[in-house]
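[1] Next input, structure requested:
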Amino acid sequence: MRAAINSPSLSIDTMDYQAECQFALEPSIQGLIEKAEDAGWNRQQAALAIVALASEHLSDLLPGLTLPDQRPLS
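    The predicted structure follows:
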C-alpha cells in the first residue's frame, strides 16, 4: 500500500510552506528507508542515498546550482 501524501494547505510563497511539505513527505521517506532496511540495506546508507538522489534532482531543477560532490561516504 502506498502512503498518502497530503496536499498543501498553504501558498508556496508563505514561510511555512516548506515545513508543511517536509511534514507531508516524512512518512513516505521513513517508509522508504524501512523498506530499504528490510531488503538488507544499511539504514544510514539508505538515508544518504535518498539525500544524494534528492540533491541530483534539485540540481536538475535549478541549473547552475553548485552542490557538494556526491561521492559515496565510506
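
[2] quick one, phi psi at Glu37?
    Here is the backbone geometry of Glu37 (degrees, to the nearest 10): phi -60, psi -40.

[3] neighbours around it, how many?
    15 (other Cβ atoms under 10 Å). Heads up, the C-betas are built off the backbone N, CA and C, glycines and all.

[4] hang on, isn't it packed against Ala46?
    Yes. Counting by Cβ atoms under 8 Å, Glu37 touches Ala46, with 6.4 Å between them.

[5] Output the lowest mean pLDDT helix or strand found in the chain.
    helix 43-61 (a mean of 92; mean pLDDT, DSSP states H and E).

[6] Now do it: distance to the chain's middle.
    7 Å (Cα atoms, centre = their mean, to the nearest Å).

[7] neighbouring contacts of the helix or strand that contains Pro27?
    Remark: Pro27 resides in helix 17-38, with elements defined by DSSP states H and E. Residues outside helix 17-38 that contact it (Cβ atoms under 8 Å, 6 or more residues apart in numbering) are 3, 5-11, 43, 46-47, 49-50.

[8] Which members of the residues you listed are the farthest-apart pair?
    Ser11 and Arg43 (35.3 Å; Cβ to Cβ).

[9] how close does the nearest residue to Arg43 once chain neighbours are set aside sit to Leu25?
    Spatially, and ignoring its direct neighbours in sequence, Arg43 is nearest to Glu37 (5.0 Å; Cβ to Cβ, 6 or more residues apart in numbering). For Glu37, the distance to Leu25 (Cβ to Cβ, to the nearest Å) stands at 18 Å.

[10] what does Pro63 give?
    Using Cβ to Cβ, Pro63 is found at 24 Å from Leu25.

[11] Between those two, tell me which one has more neighbours.
    Ranked by neighbour count (other Cβ under 10 Å), Pro63 and Leu25 place Leu25 first, with 14 against 6.
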